[in-house]
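Enquirer: structure for the following, please:
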Amino acid sequence: MAGILVAVFWAILVSFLAVVLVRLAQTLRAATALVADVTEQAVPLLADASATLRSAQTQLDKVDAIASDVQEVTSNASALSTTVASTFGGPLVKVAAFGYGVRQAIGRRTAAEPEAARRTPRRTVIVGRTVPSARDRKRNGRSSSRGQKD
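Expert: A predicted model of the protein is given here:
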């Protein structure tokens with residue numbers, strides 16, 4: 001009896017191990033299929049990524065060339081600005097100074113003319129009457145002299 005019990009025990013153990021091995025084989029087949037699918041999809045993705053990286057490098061080279069051209073244009077513009085400033089700056093400053101001097105001279109001349117007019121008394125004529133100017137009224141102490149003749 002003990003032999004039969006051991007044989008049954010071994011038969012159950014072998015059956016259990018067979019089921020485990022079958023399930024393990026199924027899992028390995030599924031994992032192999034999954035790895036194959038990932039490999040199928042990863043290779044084109046890696047190729048696309050590589051192409052994109054090459055394109056980005058080409059664009060960066062173009063941007064680098066553009067940046068160096070912009071730097072050259074900037075230095076040329078700076079040199080041109082310096083040349084124009086040195087060529088036309090001096091004469092323009094002289095013309096501006098001359099214009100300022102002319103304005104000052106005209107301003108002094110127009111400022112001198114009212115002083116001459118203040119020296120001579122100014123009279124206002126109203127249809128046949130002569131009315132003293134306001135300055136004369138203040139000097140003489142009269143505030144209102146309408147209708148009076150001189």
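Enquirer: output the below-cut-off pLDDT ranges for this protein.
Expert: Scanning the chain for pLDDT under 70 picks out 111-150.
Enquirer: ok, 80 please
Expert: Applying pLDDT under 80 to the chain picks out residues 89, 109-150.
Enquirer: quick one, helices of it?
Expert: Assigned helices in the chain, in chain order: 2-119, 134-140 (criterion: DSSP state H).
Enquirer: please identify the most buried of those.
Expert: Across the helices of the chain, averaging neighbours per residue (mean count of other Cβ atoms under 10 Å) puts helix 134-140 on top, at a mean of 12. The C-beta positions use only the backbone N, C-alpha and C, and glycine is treated the same way.
Enquirer: separation between His81 and Gly89?
Expert: In this structure residue 81 is Ser, not His. 11 Å (Cβ to Cβ, to the nearest Å).
Enquirer: got it, and Val6?
Expert: Distance from Val6 to Gly89, by Cβ to Cβ: 115 Å.
Enquirer: same question, Gln26
Expert: Counting by Cβ to Cβ, the gap from Gln26 to Gly89 is 90 Å.
Enquirer: before we move on, what about Arg29?
Expert: 87 Å.
Enquirer: swap in Val43?
Expert: Distance from Val43 to Gly89, by Cβ to Cβ: 67 Å.
Enquirer: please apply the same query to Leu13.
Expert: Taking Cβ to Cβ as the measure, Leu13 falls 106 Å from Gly89.
Enquirer: and what of Ser78?
Expert: 15 Å.
Enquirer: kindly report the same for Ala77.
Expert: 17 Å.
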